[in-house]
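Asker: this is the structure alone, sequence omitted:
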């Protein structure tokens, strides 16, 4: 706010740099704050699941189903906002001072980070749509044969929340697969 007031009253100056740096830092701080809250919620649900008698299995697995998507969305939006700020800063400096050679690297690095996050998000969405093709475990006997314990979270599985991988036949919670696949 101070930078905007300074530019309006005194005209363009080096204060533009500080304003855009403050904007980029604000985007990073807000993104980190959202991600921290997501991890706090995750930790709370895991604590309730492991340490108390409260049955939070349905909530925990529904949360894990959506957590990776929300995390990706926050990261993509933060990178998009940073890239937009760098583009705006580049345009303003170019308009008033000429070609800002020192900003090429920042603009390029911001573009590469955004491109990487968007491609990772697209790959994640493709993996999730392919996961719907994995077969469900059809009976209690089949679940007993493969083992009732999810190898990822070490929790007991039921028929309705279990997916069977093609090829090897291992069974996992659908929510655990959603978290684990993007990391692989």
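Answerer: It's in. This one's a predicted model, so the numbers in the text were calculated from it and none came from an experiment.
Asker: look up phi and psi at residue 163.
Answerer: phi -120, psi 140 (degrees, to the nearest 10).
Asker: partner residues bridging it?
Answerer: Beta-bridge partners recorded for residue 163 (DSSP bridges): residue 136, residue 172.
Asker: hmm, residue 128 and it touching each other?
Answerer: No. Counting by CB atoms under 8 Å, residue 163 stays clear of residue 128, with 11.6 Å between them. Yep, even glycine has a C-beta here, placed from its N, CA and C like the rest.
Asker: between these two, which is the more surrounded one?
Answerer: More crowded of residue 163 and residue 128, by other CB atoms under 10 Å: residue 163, with 21 against 17.
Asker: got the contact list for the more buried one?
Answerer: 131, 134, 135, 136, 137, 171, 172, 173, 174, 177 (CB atoms under 8 Å, 6 or more residues apart in numbering).
Asker: ok, residue 110 to residue 80 distance?
Answerer: Between residue 110 and residue 80 the computed distance is 10 Å (CB to CB, to the nearest Å).
Asker: more neighbours: which of the two?
Answerer: Counted by other CB under 10 Å, residue 110 and residue 80 do not tie: residue 110 has more neighbours, with 21 against 16.
Asker: tell me the spacing between the more buried one and residue 85.
Answerer: Residue 110 is 8 Å from residue 85, by CB to CB.
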